Every structure is written in C-alpha cells, then in structure tokens.
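Enquirer: Let's see this in three dimensions:
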Amino acid sequence: MHSNSLSSRELAWLRLSLTPRLGRKTMHRLHQVFGSIEAIVADTTPARLARAGLSPKLAAAIPAAQEERLLAAARRLARGGVRLISYWDADFPPLLAAIPDPPALLYVRGHWPPEPGLAVVGSRRAGAQSRQLTREIARDLAARGVCIISGLARGIDTAAHQGALDADGATLAVLGCGIDQIYPPENRVLFEKIAEVGTLVSEYAPGTPPFAGNFPGRNRIVSGLARGVLVAEAAAGSGSLITAEFALEQGREVFALPGSAHDSSCSGSNALLKQGAHLITEARDILEILWSNLPQAPRTPAAQTPETLSAEDLRVLAPLDATALHIDEIVRRSGLTPMEVSAILLHLELQGSVRQLPGMHYQRVRSG
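Expert: Predicted coordinates:
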C-alpha cells in the first residue's frame, strides 16, 4: 500500500519533473554531478546548479517551481496511490535501466508486475480479425503468467490489455501523457481497471497532455520493459514500427502477425517478417521462443452475477442472449446514449459478462 502523502524524496523528484524544459537527460546530468536527489535540492542556487551545465534560465527555474502547482500535483498523485521511482532506486526495473536512453523518473500506479513481460503493439484502426487474434494471444500468454505490456491506445493496444484481463492476468500500460490523464477518453473504464489490478506507468509529469511528440518516447519504454515485442498489425511508417526498431536496438525478440499482402494496414508488419521477425499465429509460438519452461496455469475469471450488476449494466445485458446484437441495436433497446453503452460494454467485457464479436456485435456470456 502507498501512503496518503509523498515522501520528501518523491517531492524533490516531482519538483524537478514539473520544472519547464527540464527533461530526463538533464535529470541524469544533475544526478551524475551531485550524486543524489537530496544533494541536488540541498542547495538550488542557480550558480551551484549551473555546475551541471544548466543554462542560467533553467537553473533559476528549479527553485522557482510554483509551490502551489507542486503541492496540488503531490496531493493528486498521493490520492491515486502513485509512487515515483527514479533510475537510481533499487526497485527501478532492471531491463528498462539497461536500454540506451532510460527514463530518469517513472510515475507508477498499481502493482509492479513480475517478469516475464511481452509488449504488444499495433494499429489504432486495426481490423476486427487482428484485434480478436491479439486478444486471444494476450489472454493465453497472460494465463501462463506473462505480463502483457502495451500503450492503452485504441485498437491493438486495447485488445491486448483486454486479453490479459480476460485471463485475470498481469497487464501494464505505458502512457504517452501524465499518469493523471486518461487518453483516449473512451478507455476510461479500461484505465481504471488496469489501475485497480494491473500497472500504469508514465515518465511524463502530472498534467502533461498526450502530445504527439510524447509517443515515440513512450514506445521505447514499452519495448524496454519487455523481453519481446509482438507487432499485431502495422502500416508502413507507423509508430508500431518505431517500437520494433527500439526493440531491436534493445536486443529484444520481435514477433509479427502475418497479414494480407493486399492490405496496406499490414504492410509494416509483413515487412518485419521479411526482415527476420518471428512469424506468429498463436501464443505457443512466442512461448516456444521466449518461455518454453513456463508452467501451464490457465485462469478463467467468472462472469458477474446479476446481483453485482448496476441497473444500467442490466439494461445493456437484457437484450443480449445467444444471438449477437450490433452496438447500435443495443443502444436502441437500452435507451442509453452510445457513449454510455460503449463504456458499459467494455466494463462487462472486462468482467467476463459479454464478449465482442467482429463488426461491433456483442454476445452475452452465460456462466456455469
């Protein structure tokens, strides 16, 4: 359990993190010169900080960090159970520490998962077949004790996290924004579920919006935390291929799902296969390469009983039975808004009460 306030050490790191234009490279340089975060903040006169090569303007900005903003961020993080882990702390993940450009600071919410881990990345606009296969592979790996690592984005990332949760397994989401920001907004339920039973990680200061420039940096952490990277569906020049490049630089295994040669959304992942990535069609293919000795340990969560469902949940479930319904028909029959129905369906999926089928159709899962 995390205390309801940050330690003095965490507050010191938070002050640096909130300083405008002070990034991870400067944090590394400050620590190299002064030896510890305590020594860095012991005397924050600009002349002393300039010994680490900081410009006078940047050196002056550290002690001038707005106290009100610092304390507000600290309260927000403490309420969410967020802890700060620096590169120099004993519990910083060793795999990530060994990459060429490691983060100086991580914001972590949830339970830090055990090894081993597999990163799963792919298109935000992936087809239903790719999403379904990704979910199945992630579920099967998570059932064997593999932590599924992804970026909480739409499409493949979402399918990967959902697959891990289907198996009641470990999953970790690396964010391209502050850990107090939910992006994309439609993944709010998934975000909260991962915060509850998995792990959320960010290297960006609280309040940082999901700027496009953050995501390549996020991707190096996704691959850096994993033993291997699975590219499920990716077009040429996509962010998923950037993650694959990081993986190769970091000495990780790269896997890819094959796609149609006529489908441009699969051109990047098919190119990876031509370049020597492992061709994958099921979880066993990955296990044989990375974790051939993992024990068989399937875990299947029970579906929620009606007694544990809200009135809105039941309004969505009521029209669902053996016959799958399109989401628009569920909206019509339930009388709820499309946004409400989408959020409830995701919640019910994570709880094992419904399953999503291709074409945005949903079917009820009967327990027993």
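Enquirer: so L190 makes contact with L152?
Expert: Yes - in this structure L190 lies within contact range of L152 using Cβ atoms under 8 Å: 6.9 Å. C-beta: built from backbone N, CA, C; applies to glycine.
Enquirer: Mutual contacts of the two, please.
Expert: Shared contacts of L190 and L152, defined by Cβ atoms under 8 Å, 6 or more residues apart in numbering, comprise T158, H161.
Enquirer: need the helices for the stretch 51-200 of the chain, in chain order.
Expert: 56-61, 67-79, 94-97, 128-143, 156-166, 188-197 (DSSP state H, counting those that start in this stretch).
Enquirer: now the longest one and helix 156-166, what's the angle there?
Expert: Translated: helix 128-143. 40 degrees (axes from the mean of the first three to the mean of the last three Cα atoms, to 10 degrees).
Enquirer: by contact count, what packs against helix 128-143?
Expert: strand 117-121, strand 147-150, helix 156-166, helix 283-290 (3 or more Cβ pairs under 8 Å, 6 or more residues apart in numbering; DSSP states H and E).
Enquirer: what about the nearest residue to G151 once chain neighbours are set aside, how many neighbours?
Expert: The shortest distance from G151 to any non-neighbouring residue, by Cβ to Cβ, 6 or more residues apart in numbering, is to D157 (4.8 Å). Using other Cβ atoms under 10 Å, D157 has 29 neighbouring residues.
Enquirer: List the contacts of A235.
Expert: S123, S264, S265, C266, S267, G268 are the contacts of A235 under Cβ under 8 Å, 6+ apart.
Enquirer: ok, the spatially closest residue to P338 that is not a sequence neighbour - how many residues close by?
Expert: Leaving aside its chain neighbours, P338 sits nearest to V331 (5.2 Å; criterion: Cβ to Cβ, 6+ apart). Other residues within reach of V331, judged by other Cβ under 10 Å, total 18.
Enquirer: what's next to whichever strand or helix holds V331, contact-wise?
Expert: Following DSSP states H and E, one finds V331 within helix 327-334. Helix 327-334 is contacted from outside by 315-316, 318-320, 325, 337-338, 341-342, 345, 360-362, using Cβ under 8 Å, 6+ apart.
Enquirer: Next step: those residues restricted to helices.
Expert: Here DSSP state H is the test, and the contacts of helix 327-334 give R315, V316, P338, V341, S342, L345 as lying in helices.
Enquirer: which stretches of the stretch 201-350 of the chain aren't confidently modelled?
Expert: Where the stretch 201-350 of the chain drops to pLDDT under 70, the residues are 295-308, 321-323.
Enquirer: The stretch 51-200 of the chain too?
Expert: 64-65.
Enquirer: again, only this time at 90
Expert: Within the stretch 51-200 of the chain, the set of residues satisfying pLDDT under 90 comprises 51-71, 90-91, 111-116, 123-131.
Enquirer: three-state assignment of the residue in the chain sticking out farthest from the centre?
Expert: Using Cα atoms, centre = their mean, the residue of the chain lying farthest from its centre is A47. It sits 39.5 Å away. Three-state assignment for A47 (DSSP: H, G, I helix; E, B strand; the rest coil): helix.
Enquirer: contacting residues around it?
Expert: Counting by Cβ under 8 Å, 6+ apart, A47 has contacts A59.
Enquirer: do you know how far it is from L272?
Expert: 51 Å (Cβ to Cβ, to the nearest Å).
Enquirer: what do you get for I327?
Expert: In terms of Cβ to Cβ, I327 sits 33 Å off from L272.
Enquirer: More neighbours: which of the two?
Expert: Higher neighbour count among I327 and L272: L272, with 23 against 17, using other Cβ under 10 Å.
Enquirer: so which strand or helix has the more buried one?
Expert: Judged by DSSP H and E, L272 forms part of helix 267-274.
Enquirer: which residues are contacting that helix?
Expert: So helix 267-274 is in contact with 122, 231-238, 240-241, 244, 254, 256-259, 261, 279, going by Cβ under 8 Å, 6+ apart.
Enquirer: Save the contacts of helix 327-334 as TSV, and put in distance to G110 too.
Expert: Converted to TSV, those look like this (distance: Cβ to Cβ, whole Å):
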residue	distance to G110
R315	31
V316	27
A318	33
P319	34
L320	31
L325	34
T337	30
P338	29
V341	27
S342	24
L345	23
M360	29
H361	32
Y362	28
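Enquirer: of those residues, buried ones?
Expert: R315, V316, L320, L325, V341, S342, L345, H361, Y362 (16 or more other Cβ atoms under 10 Å).
Enquirer: Just put the residues you listed in CSV and tack on distance to L248.
Expert: Listed next are the buried ones among the contacts of helix 327-334 as CSV, based on distance: Cβ to Cβ, whole Å:
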residue, distance to L248
R315, 49
V316, 44
L320, 44
L325, 44
V341, 42
S342, 36
L345, 37
H361, 38
Y362, 38
